[in-house]
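Student: sharing a model prediction with you, sequence too.
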Amino acid sequence: MIHIDQKEHTTQNGTKVIVLAPSGRLDITTAWQFRLKLQECISKLSRHVVINLGQVNFIDSSGLTSLVAGMRDADKVKGSFRICNVHPEAKLVFEVTMMDSVFEIFETEEEALEEGVRAS
């Protein structure tokens, strides 16, 4: 079971952005739950999503796959998918797999949200 904190942010131009902050491990046992949550958010709440990985200290290939799937979902509906605050231990996985060049990754949640304002 993975705990996913969810909040809503409305940008200055009125765009609704969902911020999801999972905590713990994003691995084969939890990735599917996270994937379902992403699908639900993008299809029902907002096509703009920020994923805060500050509380995720472990991520494996299935965790990365769920993130890629979420990014594709957002792309399909002309949304945005940003990742921020990547835990140092998880950052290595992004670098080794070269996923750090696939995703839009920001240092802080604030930066990811601001970028959303400029981009939309």
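Tutor: Here it is on my side, so go on.

Student: can I get stretch 92-109 as CSV, trimmed to CA atoms?
Tutor: The C-alpha atoms that make up stretch 92-109 are tabulated as CSV, following Å, rounded to 0.1, in the frame of the first residue of the first chain:
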residue,chain,number,x,y,z
LEU,A,92,20.2,8.1,-9.2
VAL,A,93,17.7,5.8,-10.9
PHE,A,94,16.5,8.7,-13.1
GLU,A,95,20.1,9.5,-14.1
VAL,A,96,21.2,5.9,-14.8
THR,A,97,18.1,5.2,-16.9
MET,A,98,18.4,8.6,-18.6
MET,A,99,14.9,9.3,-17.6
ASP,A,100,16.0,12.7,-16.3
SER,A,101,16.1,13.8,-19.9
VAL,A,102,12.6,12.4,-20.6
PHE,A,103,10.7,14.1,-17.8
GLU,A,104,10.5,17.7,-16.9
ILE,A,105,12.1,17.7,-13.5
PHE,A,106,12.2,20.7,-11.1
GLU,A,107,14.0,21.2,-7.9
THR,A,108,11.0,22.4,-6.0
GLU,A,109,7.2,22.2,-6.2
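
Student: so, low pLDDT: which residues of the chain?
Tutor: 115-120 (pLDDT under 70).

Student: can you list contacts of the longest strand anywhere in it?
Tutor: For the chain, the strand reaching the highest residue count under DSSP state E is reported as strand 16-26. Strand 16-26 is contacted from outside by 2-11, 30, 34, 37-38, 41, 45-46, 48-60, 63, 66, 80, 90, 109, 113, 116, using C-beta atoms under 8 Å, 6 or more residues apart in numbering. C-betas here are computed from N, CA, C, even on glycine.

Student: strand 16-26 and whichever strand or helix holds residue 81, what's the angle between them?
Tutor: Using DSSP states H and E, residue 81 sits in strand 80-84. Angle of strand 80-84 versus strand 16-26, following axes from the mean of the first three to the mean of the last three C-alpha atoms, to 10 degrees, is 50 degrees.

Student: quick one: contacts for the residue nearest to the spatial centre of the chain?
Tutor: The centroid of the chain falls nearest to residue 51 when counting by C-alpha atoms, centre = their mean (2.6 Å). Counting by C-beta under 8 Å, 6+ apart, residue 51 touches 19, 20, 21, 22, 67, 70, 81, 82, 83, 84.
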